[in-house]
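J.: Sequence first, then the predicted structure:
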Amino acid sequence: MNWHDWRPRDPALAPAFDAWRRGELATARAAFERAAACHPDDPDAWRGLGGVAWTEGALDEALTHFLRALRLDPGNPLHWHNVGLTHRDLGHPDRALHLFAVALDLDPCFEPAVNEIGNVLVDVGRPHEALGWYDLAVALDGTRAVVWHNRGVCHRLLGRIAEARADFARALELHPAYHHTLVELSRLDAASEMAG
């Protein structure tokens, strides 16, 4: 399973997920709320509501919805990942690492959890440990710009500027307008000009 396996089991929910991914949060929220009211045992409806709340920055609400999805479908690593991601954003790194580890126990090839372990390790100042996780993430799914970007940030933190630039270049090949990578490259260029 990888990041591309987010599609809901019920195809009727796909337009709501598509709306969320396009940033049409009010449309997505209304659709997920209707689905959750009609089918309260559908984990994808709660996952969708959690995703909208997470995008809005309503982390406590997101956690409530993601936990409901997890209780309904505990064998799905995506739900463990979502709960872990929310705990990461809430500032609970140890809890987040534990939840990502459970996701990987369920599916050792679940790249989003691998990537997020790297992110948490960077957050807590352990980039040397994070790098191996990012290497594994790009080996599992090298099609996501964010994974290459994250590895580039890790390389930058480790002082490996050539490797960072190569990772950022790969991220931009996959997503030419990826804002975070453009910012990182500007930072590297500015530092290079100051040093020169």
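T.: Cool, the structure landed. Residues are numbered from 1 along each chain as shown.
J.: Relative to the whole chain's centre, how far out is stretch 35-43?
T.: Relative to its chain's centre, stretch 35-43 lies at 24 Å (Cα atoms, centre = their mean, to the nearest Å).
J.: got the buried residues for that stretch?
T.: Buried residues in stretch 35-43, counted by 16 or more other Cβ atoms under 10 Å: 35-36, 42-43. Backbone N, C-alpha and C define where each C-beta goes, glycine included.
J.: Using neighbour counts, pick out the buried residues of the longest helix anywhere in the chain.
T.: Longest helix in the chain by number of residues, with DSSP state H as the criterion: helix 179-195. Judged by neighbour count using 16+ other Cβ under 10 Å, the buried positions of helix 179-195 are 180-181, 184-185, 188.
J.: do you know how far the residue nearest in space to the middle of the chain is from Arg151?
T.: Taking Cα atoms, centre = their mean, the centroid of the chain lies closest to Pro112, which sits 5.9 Å from it. Per Cβ to Cβ, to the nearest Å, Pro112 is found 14 Å from Arg151.
J.: ok, back up a step: and the buried residues of stretch 35-43, which of them are in helices?
T.: Members of the buried residues of stretch 35-43 lying in helices (criterion: DSSP H): 35-36, 43.
J.: how many other residues sit next to the nearest residue to Arg88 once chain neighbours are set aside?
T.: With sequence-adjacent residues excluded and distances taken as Cβ to Cβ, 6 or more residues apart in numbering, Arg88 is closest to Ala96, at 4.0 Å. The tally of other residues near Ala96 (other Cβ atoms under 10 Å) stands at 25.
J.: now the buried residues of helix 179-195 as CSV including pLDDT and distance to Pro8?
T.: Shown next, in CSV, are those (pLDDT from 0 to 100; distance: Cβ to Cβ, whole Å):
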residue, pLDDT, distance to Pro8
His180, 96, 28
Thr181, 97, 30
Glu184, 96, 33
Leu185, 95, 36
Leu188, 92, 40
